[in-house]
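coordinates only, no sequence provided:
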């Protein structure tokens with residue numbers, strides 16, 4: 001399987017494949033490349049409807065030139081702990097990043113989230129993110145601000161004046177609840193349109209159907225999130241109790 005950066009010819013083949021309606025996996029198979037490579041390439045360059053091979057290649061050359069001038073050498077990246085394979089870890093982080101991009105997050109924010117989630121501590125400082133992602137501090141700062149506003153990470157005060165960016169289990173619950181709130185706002189807005197456009201008109205009926213659908217989905221999301229949190233947190237607590245050392249148990253009667 002070939003490695004390295006995509007060539008201009010490969011980008012032209014990607015553009016042709018998209019025009020023909022091919023799936024990312026099929027395009028990747030024809031290029032003998034990983035599917036994640038093609039997915040990442042398309043998503044960072046306009047998506048399946050806006051991808052242009054010439055612009056994508058120019059942007060890649062610009063990124064490579066900027067990287068050569070301003071970022072640390074790959075050797076400066078710290079080795080993974082616990083004897084993990086560095087290349088396997090990097091490949092997994094790229095795949096995780098691509099998944100977040102498919103969910104609608106920008107490339108840099110996806111990379112930050114993937115990095116923090118794959119650390120044992122579940123937190124990183126800005127300087128550690130710069131080193132791991134090999135990007136500028138400004139890029140990290142912008143991505144962190146977006147993720148914090150979305151409730152996907154939070155700040156903690158670390159040693160000295162350094163802040164750490166943290167993810168934990170409850171982040172996903174909070175994210176689901178925030179998404180459910182946005183569904184509620186959409187339903188309320190749709191219903192306001194019913195009175196504006198007139199009851200029983202085709203447009204009003206359409207808006208009412210949207211509101212009912214979105215209401216149902218939002219309520220289902222809240223119920224599922226609350227049930228999942230209760231069940232999973234309870235299981236985690238039980239697991240911790242089961243693994244407690246024997247001397248932590250209550251003492252029995254003397255013999």
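That came through fine. These numbers come from a predicted model, not from an experiment. Numbering: from 1, shown residues only.

okay, helices next: where are they in the stretch 1-150 of the chain?
8-19, 24-31, 35-43, 47-50, 53-70, 86-102, 107-117, 126-133, 137-149 (DSSP state H, counting those that start in this stretch).

what residue ranges in the stretch 151-255 of the chain score low on pLDDT?
Residues of the stretch 151-255 of the chain meeting the criterion pLDDT under 70: 160, 169, 235-255.

helices of the stretch 151-255 of the chain, start to end?
Assigned by DSSP H, counting those that start in this stretch, the stretch 151-255 of the chain shows helices spanning 170-197, 202-242.

so can I have TSV of these showing distance to residue 44?
For glycine as for every other residue, the C-beta is placed from the backbone atoms N, C-alpha and C. Formatted as TSV, the entries for those read as follows, by distance: least, Cβ to Cβ, whole Å:
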stretch	distance to residue 44
helix 170-197	23
helix 202-242	29
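
right, and residue 174 touches residue 150 too?
No. Assessed by Cβ atoms under 8 Å, residue 174 is found out of contact with residue 150, at 9.7 Å.

returning to what we had before: tell me which of the helices of the stretch 1-150 of the chain is the most buried.
When neighbours are counted by mean count of other Cβ atoms under 10 Å, the highest per-stretch mean among the helices of the stretch 1-150 of the chain falls to helix 107-117, a mean of 23.

now do it: which elements does it pack against?
For helix 107-117, the elements it packs on are helix 86-102, strand 123-125, helix 126-133, helix 137-149, strand 163-166, judged by 3 or more Cβ pairs under 8 Å, 6 or more residues apart in numbering; DSSP states H and E.

now render these as JSON lines, adding distance to residue 229.
Rendered in JSON lines, the data for those read as follows (distance: least, Cβ to Cβ, whole Å):
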{"stretch": "helix 86-102", "distance to residue 229": "21"}
{"stretch": "strand 123-125", "distance to residue 229": "21"}
{"stretch": "helix 126-133", "distance to residue 229": "28"}
{"stretch": "helix 137-149", "distance to residue 229": "21"}
{"stretch": "strand 163-166", "distance to residue 229": "18"}
